[in-house]
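In: this one's structure only:
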């Protein structure tokens, strides 16, 4: 049976806590679906927490995004309280814990006027480390080819965050954004390089087991991962270009948010109605 990964000499008597920060559009939805599907199979080795409906993880994600857009003492306190609520909900054993929520990174570019590369994330790590002082905590970030990531982030911002600008304008606004190495450096300065691990989405095997690198980091071997129930299909597929363009124009209208959400769902289910072009092959 697989065991949890080492704590690299830190807090050997503390329970291990692995925080998967995402970021958005790096396969997080597929990873979380895979973890959720196999939670029972992993229950004797690893405690999993993903943003399931009604769980404390949902308000935690909202608190992190709110803090990143409006940092203040109040929003920092709200984030700490939300994180502590997740920890308080854990079973009282010593099994390692894996939390996965892409919104813990804060607002992605295109959300709420953000155009930088997660500027609040180092502060979010500080809040998490303080709240989880009783754990041996480390962080995982997945990254993706920056050009492809930006294109996917733009489409997602149009779909979920009401973003109104065309893709070329978004790319111009984010042209000065540094690479992933800069983000990892900023996180390591706060948490220490031994607490921050980067995995590349391009290195994930396309075998129905998304998050293989994350699960290895959590202590599972390949045989244990292979024995898990695989996902069928791909998660959070990008909408076709014409469907995305329809939603972008819709975002410029003064629609009730609830009504807009229903239209987005309708478009996602009926993309053939908007396809002057073929549906995008993008999967994230």
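Out: Thanks, I have the structure now. All of these numbers come straight from a predicted model, not from anything done at the bench.

In: for the helix or strand bottoming out on mean pLDDT in the chain, name the packing helices and strands.
Out: None of the helices or strands of the chain scores lower by mean pLDDT, DSSP states H and E than helix 257-269, at a mean of 84. Using 3 or more C-beta pairs under 8 Å, 6 or more residues apart in numbering; DSSP states H and E, the elements in contact with helix 257-269 are helix 146-161, helix 241-250. All C-beta atoms are positioned from the backbone trio N, CA, C, and that covers glycine.

In: and residue 228, how far from residue 183?
Out: Shown here: residue 228 relative to residue 183, a distance of 30 Å by C-beta to C-beta, to the nearest Å.

In: which of these two has more neighbours?
Out: More neighbours surround residue 183 than the other of residue 228 and residue 183, with 22 against 19 (other C-beta atoms under 10 Å).

In: show the contacting residues for the residue lying closest to that one once chain neighbours are set aside.
Out: The shortest distance from residue 183 to any residue that is not its chain neighbour, by C-beta to C-beta, 6 or more residues apart in numbering, is 5.5 Å, and that residue is residue 117. Under the criterion of C-beta atoms under 8 Å, 6 or more residues apart in numbering, the contact list for residue 117 reads 109, 177-178, 182-183.

In: how is this structure carved up into domains?
Out: When the chain is parsed with automatic domain parsing, its domains come out as 15-233, 237-284.

In: off-centre distance for the shortest one?
Out: Same thing as domain 237-284. Centroid separation for domain 237-284 versus its chain: 22 Å, with C-alpha atoms, centre = their mean, to the nearest Å.

In: same deal with stretch 158-168?
Out: The chain centroid and the centroid of stretch 158-168 are separated by 19 Å under C-alpha atoms, centre = their mean.

In: all helices of this structure, in order?
Out: Under the criterion DSSP state H, the chain contains helices at 28-37, 39-42, 57-69, 73-88, 121-131, 146-161, 167-173, 180-191, 212-217, 222-226, 241-250, 257-269.

In: for residue 16, which of those helices is the nearest?
Out: Smallest distance to residue 16 across the helices of the chain (C-beta to C-beta): 10.6 Å, for helix 212-217.

In: how long is stretch 220-240 from one end to the other?
Out: Between the opening and closing residues of stretch 220-240 we find a distance of 37 Å, counting by C-alpha to C-alpha, to the nearest Å.

In: can you pull the contacts of residue 271?
Out: Going by C-beta under 8 Å, 6+ apart, residue 271 touches 239-240, 242-243, 279.

In: kindly indicate which of the residues you listed lies nearest residue 171.
Out: Closest approach to residue 171 among the contacts of residue 271 (C-beta to C-beta): residue 239, at 18.2 Å.

In: surely the closest one touches residue 266?
Out: No - using C-beta atoms under 8 Å, residue 239 makes no contact with residue 266, being 11.8 Å away.

In: circling back: model confidence score at the residue nearest to residue 183, please.
Out: Listed pLDDT for residue 117 reads 98.

In: spatially, what comes nearest to residue 18 if we skip its sequence neighbours?
Out: Beyond its immediate neighbours in the sequence, the residue positioned closest to residue 18 (C-beta to C-beta, 6+ apart) is residue 98, lying 4.7 Å away.

In: cool, residue 120 as well?
Out: The spatial neighbour of residue 120 that comes closest, neighbours along the chain excluded (C-beta to C-beta, 6+ apart), is residue 68 at 3.8 Å.

In: for residue 143, same thing?
Out: Leaving out its chain neighbours, residue 143 is closest to residue 180 (C-beta to C-beta, 6+ apart), at 4.4 Å.

In: which ones are touching the one you found?
Out: Residue 180 is in contact with 143, 146, 198, counting by C-beta under 8 Å, 6+ apart.

In: how big is the angle separating the lengthiest strand in the chain from helix 28-37?
Out: Within the chain, and with DSSP state E defining each element, the longest strand by residue count is strand 135-143. Compare the direction of strand 135-143 with that of helix 28-37 by axes from the mean of the first three to the mean of the last three C-alpha atoms, to 10 degrees and you get 130 degrees.
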